[in-house]
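[1] Provided below are the primary sequence and the corresponding predicted coordinates.
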Amino acid sequence: GLDCSPHRDMISYYTFQHILRLYCFVLFMLCLLMYYNTKDEDDAEDFLPTGHAYQWTSRVKKRLIAHELQDENLNVPVLFYFSYFSKLQNRLDDCETAPSIFDINFSNTYWQLVNIQSPQIFIFSSFLDTRPLSRINVNQYSGPAIRILAMVKGDLEMISEIPLICKVWTGQTVSSAQVQSADLLWYKEWGWNSPDRLQAYLLSCPAADLGRRKTKDPGLPNFVLPAGQRALAIVQDTCERPSNLLLLNEPEKERSEGLAVCLKGLSFPDKDISRDLAEWIEIQFALGVSRIVLYILDVHWRTRLVIKEYSRLYQQKLQVIPISLPGNLPNTPKLRQHFFKMKVNQKRQNEVLAYNDCLMRNINKAKYVALLDLDEVIVPTEEVYDSYCFQNFYFFTKQEGSVSTYFSNANRTRSGTSGEFMKCLHAVEQVRTVHNHLPIHCFSDEESDNCSVEIVDPSLGKLHHYRETCVGILNQKCEELQGNQIQDSLLLRFHPQVQQNLDSSKILEKYLI
């Protein structure tokens, strides 16, 4: 027979080489793990509290858990809590102690209830406003401010009669400031503002002394919070134990000159909007939008997968924020959807809070913010944005499965609908609060909170509104609008770029049948 021993020796040699490489790799990973477990041991306390549940968990794994929890709870200062509790919690007096995140009075997942008998206050998010024109009320206070977005059941406009305090923790400092204003994010002239209805408010506290008051214990360790981690609670007394704790969002240090687009809370539990949403996102980026913020109530499972893919694809350009309805409003997907159809004005009053949240999130991240629906696109005739509000022009479409909503019809209504149907680019540095269609309070006038609005000539840019028919309030005029249409192919020049991006990402190909 044949002598195969040299061949066997060669196999043994390569097997040995493979095992040796595997051994070296495992040894390297163990050394790396040991390095990160001991690195900066004196300055980097465990992110998770000590205790039986975590005593055998490595430092690296603890940090991963903490960051996962922070990503899941955007408005809760999770990293602050883990750092703060391991360093400071047992060394502060009762008036300086922050609540545990497990003692927060959560409501409907994303809201927190303020410990006050009346009115009911559900807080959602908080922001440090450092814009040059920042102020609280006219001729009262000018300077950096803390802004808190809340839904309130009851009258909160007489804020002086309801003493509320912003309490802020920043490392070794604990600061307090009185809530000095409560801006209703709705014009009373519009109606639907009875005290028993949940209304959106922007609460404001001065922030000039933020971080200046040290805690009483001079022997506290040199404690440095994770970047951007300050915590805020709303209380009535500085020494009470808070029932809430929000992450105080801080603006970017360097200002961006781009345009951000906000898409209101998507509620499509049964309808798959994957194709429209993917096209809409690509159209925005093709038009020069630098940042998109999506608010999600509930969407079809396939749409959720597409959003997840786009979040991965555009990590620095697309932010997804889950949201729910506050208080006693319905939150199961189908009942909530029916509630929106039956209670249109209450739906709008809830939407306005998300729009203002988006405005605040884009301080220094964008020069302008646009508040749009999924069936709307602002299309300039030139790539220059130097004005504010765009008239609404309908592009009547039919939902036909695989056909594009935005590129299948190049005909629009000859005349636009202005007024309450417009959508605007809001100058971030000058606008304090917004409604779906127009600004409400602004900084630009030193003598009042009034806003100046300029309507853009349609020859410079239009709001494209893609619907099967007009909105309800225009039903009587809709037949006339549908019968008087002209060709408008401005958006079509972006079709090749949008289609190329859709094809290259393969997101729709992956999830659409």
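    Perfect, I can see it now. Residues are numbered from 1 along each chain as shown.

[2] CA atoms for contacts and neighbours, from now on please.
    Will do.

[3] return the residues in contact with the residue nearest to residue 323 when sequence neighbours are not counted.
    Closest residue to residue 323 apart from its sequence neighbours, by CA to CA, 6 or more residues apart in numbering: residue 297 at 5.4 Å. The neighbours of residue 297, taking CA atoms under 8 Å, 6 or more residues apart in numbering as the test, are 265-267, 322-324, 333.

[4] one more: residue 115?
    By CA under 8 Å, 6+ apart, the neighbours of residue 115 are 235, 242-244.

[5] in JSON lines, list those along with secondary structure, neighbour count and distance to residue 361.
    Shown next, in JSON lines, are the contacts of residue 115 (DSSP: H, G, I helix; E, B strand; the rest coil; neighbours: other CA atoms under 10 Å; distance: CA to CA, whole Å):
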{"residue": "235", "secondary structure": "strand", "neighbour count": "23", "distance to residue 361": "24"}
{"residue": "242", "secondary structure": "coil", "neighbour count": "24", "distance to residue 361": "25"}
{"residue": "243", "secondary structure": "coil", "neighbour count": "22", "distance to residue 361": "24"}
{"residue": "244", "secondary structure": "coil", "neighbour count": "27", "distance to residue 361": "20"}
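
[6] could you single out the nearest of those to residue 98?
    In terms of CA to CA, no member of the contacts of residue 115 lies closer to residue 98 than residue 242, at 7.3 Å.

[7] residues in contact with that closest one?
    Neighbours of residue 242 in contact, by CA under 8 Å, 6+ apart: 98-99, 104, 114-115, 233-235.

[8] so which of those residues wins on neighbours?
    residue 234 (27 neighbours; other CA atoms under 10 Å).

[9] and that one, how far is that from residue 433?
    With distances taken as CA to CA, to the nearest Å, residue 234 is found 20 Å from residue 433.

[10] can you tell me the average pLDDT over stretch 448-458?
    On average, the pLDDT along stretch 448-458 is 83.

[11] then that stretch to PDB, C-alphas only?
    What follows is stretch 448-458, C-alpha atoms only, in PDB (Å, rounded to 0.1, in the frame of the first residue of the first chain):
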ATOM      1  CA  SER A 448     -43.300  90.500  24.000                       C
ATOM      2  CA  ASP A 449     -43.400  86.800  23.300                       C
ATOM      3  CA  ASN A 450     -45.000  87.400  19.900                       C
ATOM      4  CA  CYS A 451     -43.500  85.700  16.800                       C
ATOM      5  CA  SER A 452     -42.900  87.100  13.400                       C
ATOM      6  CA  VAL A 453     -43.900  84.800  10.600                       C
ATOM      7  CA  GLU A 454     -43.000  85.200   6.900                       C
ATOM      8  CA  ILE A 455     -44.900  83.200   4.300                       C
ATOM      9  CA  VAL A 456     -42.600  81.900   1.600                       C
ATOM     10  CA  ASP A 457     -43.600  82.700  -1.900                       C
ATOM     11  CA  PRO A 458     -44.500  79.400  -3.700                       C
END
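
[12] list of residues touching that stretch?
    137-138, 387-391, 431, 439-445, 462.

[13] rerun at 7 Å
    Applying CA atoms under 7 Å, 6 or more residues apart in numbering, the contact partners of stretch 448-458 are 138, 387-391, 439-443.

[14] redo those as TSV? Include secondary structure and neighbour count.
    Below are these laid out as TSV (DSSP: H, G, I helix; E, B strand; the rest coil; neighbours: other CA atoms under 10 Å):
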residue	secondary structure	neighbour count
138	coil	13
387	coil	17
388	coil	19
389	strand	26
390	strand	29
391	coil	24
439	strand	22
440	strand	19
441	strand	22
442	strand	23
443	coil	22
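
[15] in CSV: those residues, plus pLDDT and distance to residue 255.
    Listed next are the contacts of stretch 448-458 as CSV, based on pLDDT from 0 to 100; distance: CA to CA, whole Å:
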residue, pLDDT, distance to residue 255
138, 75, 25
387, 38, 20
388, 65, 20
389, 82, 23
390, 87, 25
391, 89, 29
439, 84, 21
440, 83, 23
441, 87, 22
442, 86, 19
443, 86, 18
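
[16] in these, find the pair that's most separated.
    Maximum pairwise distance among the contacts of stretch 448-458 (CA to CA): 31.0 Å, between 138 and 391.

[17] perfect, that will be all.
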